[in-house]
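Chemist: below: sequence and its predicted model.
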Amino acid sequence: MIPRKSSAPLLSDNSRTVLKAPAKINLSLKVLGRRPDGFHELVSLMAAVSLADEIILAGAEEDRITFDCPWPVDEGFLDQNLVMRAIKGFRAVTGQPGFLSAHVIKNIPLGAGLGGGSSDAAAVLKHLNKNGVLSPAELQALALDLGSDVPFGLGPPLAVARGRGQTISPWSGPLPPPYAVLINPGCHLSTGLVFRKLGLTKEFWRNNLSPDLDRNVPEIGQNDLLAPALALCPGLKEVMAAAASLGGEAYGLSGSGPTFWILFGREQKALTALEEVRGLNTGWWITFSRLILAN
């Protein structure tokens, strides 16, 4: 993208705004193959949920980022954070002056297959572009440069992602049940390792998973990454058994895991299941959430 020149600052010095960055769940995920560029060709039905991080943006004398995070973070967490990359990337493309401070309150677990970092970046990009400095296509290209899940965060909240995540289409099929229980056992799963466990070549037309390259959206609950995730983290089998036992209308793994979701048509049934699963394992992270089915 060719940088634009704009005299309008990113934010005025005395401005302060609070953004919500909702988590996402993959209601289904099909891996069509590994592309020559190393990314994976996917078809995934994705939904935003009410569980969300909060981001407080303010004008500042230099870019800086701080966190409230209840989970331990590794040494490179700050350097790799997508919020700061989004701020710097937007400034580089638009030429808008000014620096920002970002304070991120993390409510979405890290590395959970819930897209927390990607959603944070998307929320920042949408806010910085609220005056339409970048076209939708330009904003999406900038989002994709940050990560494959970031374009979904630009909207709509219930959509089909294709390619490596760059093609987002509103879902026109039946709406999924709107209430969810999320269960995360606390184990760490590397997305790269889960994909590598599939054993795909760089010739996606020879993919052993979908040799006919069927690009239809898979049914809710289907996820090609489930088997490799279970192989890498055997403790997930206990979580999956719990998810299956709760009487939901559907359940499945989100992304590469380790979070499982269970969907319910009635809120009270979801809340009852929440209390039931809390009694199964006190070491799991468990929460109730609502799907965001419209803007």
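Modeler: It's in. Numbering: from 1, shown residues only.

Chemist: pLDDT value on residue 97, please?
Modeler: In this model, residue 97 is scored at 88, pLDDT.

Chemist: ditto for residue 211
Modeler: 55.

Chemist: just to check, residue 157 is in contact with residue 50?
Modeler: No - using C-beta atoms under 8 Å as the test, residue 157 is too far from residue 50 to be in contact (10.3 Å). (Each C-beta comes from the backbone N, C-alpha and C, glycine too.)

Chemist: from residue 140, how far off is residue 129?
Modeler: In this view, residue 129 and residue 140 are 11 Å apart by C-beta to C-beta, to the nearest Å.

Chemist: again, but for residue 44
Modeler: Distance from residue 44 to residue 140, by C-beta to C-beta: 16 Å.

Chemist: higher neighbour count, these two?
Modeler: For residue 44 versus residue 140, the count of surrounding residues by other C-beta atoms under 10 Å is larger for residue 44: 23 against 18.

Chemist: what ranges does the stretch 51-200 of the chain have for its strands?
Modeler: 64-68, 99-105, 158-163, 167-170, 179-184 (DSSP state E, counting those that start in this stretch).

Chemist: out of those strands, which one sits most buried?
Modeler: strand 179-184 (a mean of 26; mean count of other C-beta atoms under 10 Å).

Chemist: so where do the helices sit in the stretch 51-200 of the chain?
Modeler: Taking DSSP state H, counting those that start in this stretch, the helices of the stretch 51-200 of the chain run over residues 77-80, 82-94, 116-128, 136-146, 191-197.

Chemist: and this structure, what are its domains?
Modeler: Following automatic domain parsing, the chain resolves into domains at 16-170, 179-292.

Chemist: off-centre distance for the longest one?
Modeler: Here the centre of domain 16-170 is set off from its chain's centre by 8 Å, with C-alpha atoms, centre = their mean, to the nearest Å.

Chemist: measure that domain end to end?
Modeler: Length of domain 16-170, first residue to last, C-alpha to C-alpha, to the nearest Å: 32 Å.

Chemist: any low-confidence regions in the stretch 1-150 of the chain?
Modeler: Within the stretch 1-150 of the chain, the segments meeting pLDDT under 70 span 1-9, 11-14, 73-80.

Chemist: mind checking the SS state of residue 228?
Modeler: Per DSSP: H, G, I helix; E, B strand; the rest coil, the local secondary structure of residue 228 is helix.

Chemist: distance-wise, check the most centrally placed residue in the chain relative to residue 160.
Modeler: Centroid-nearest residue in the chain, with C-alpha atoms, centre = their mean: residue 115, separated by 2.1 Å. Distance from residue 115 to residue 160, counting by C-beta to C-beta: 15 Å.

Chemist: phi, psi for residue 166 please.
Modeler: phi -80, psi -20 (degrees, to the nearest 10).

Chemist: who are the neighbours in contact with the closest residue to it other than its chain neighbours?
Modeler: The shortest distance from residue 166 to any non-neighbouring residue, by C-beta to C-beta, 6 or more residues apart in numbering, is to residue 144 (4.9 Å). Under the criterion of C-beta atoms under 8 Å, 6 or more residues apart in numbering, the contact list for residue 144 reads 150-151, 164-166.

Chemist: which among these end up buried?
Modeler: For the contacts of residue 144, a burial check counting by 16 or more other C-beta atoms under 10 Å picks out 150-151, 164-166.

Chemist: run a quick neighbour tally on the closest residue to residue 112 other than its chain neighbours.
Modeler: Distance criterion C-beta to C-beta, 6+ apart; nearest residue to residue 112, sequence neighbours excluded, is residue 259 at 4.6 Å. Counted with other C-beta under 10 Å, the neighbours of residue 259 add up to 26.

Chemist: which residues does residue 259 contact?
Modeler: Taking C-beta under 8 Å, 6+ apart as the test, what residue 259 contacts is 25, 109, 112-114, 182-184, 253.

Chemist: returning to what we had before: from residue 138, how far off is the residue nearest to residue 166?
Modeler: Between residue 144 and residue 138 the computed distance is 11 Å (C-beta to C-beta).
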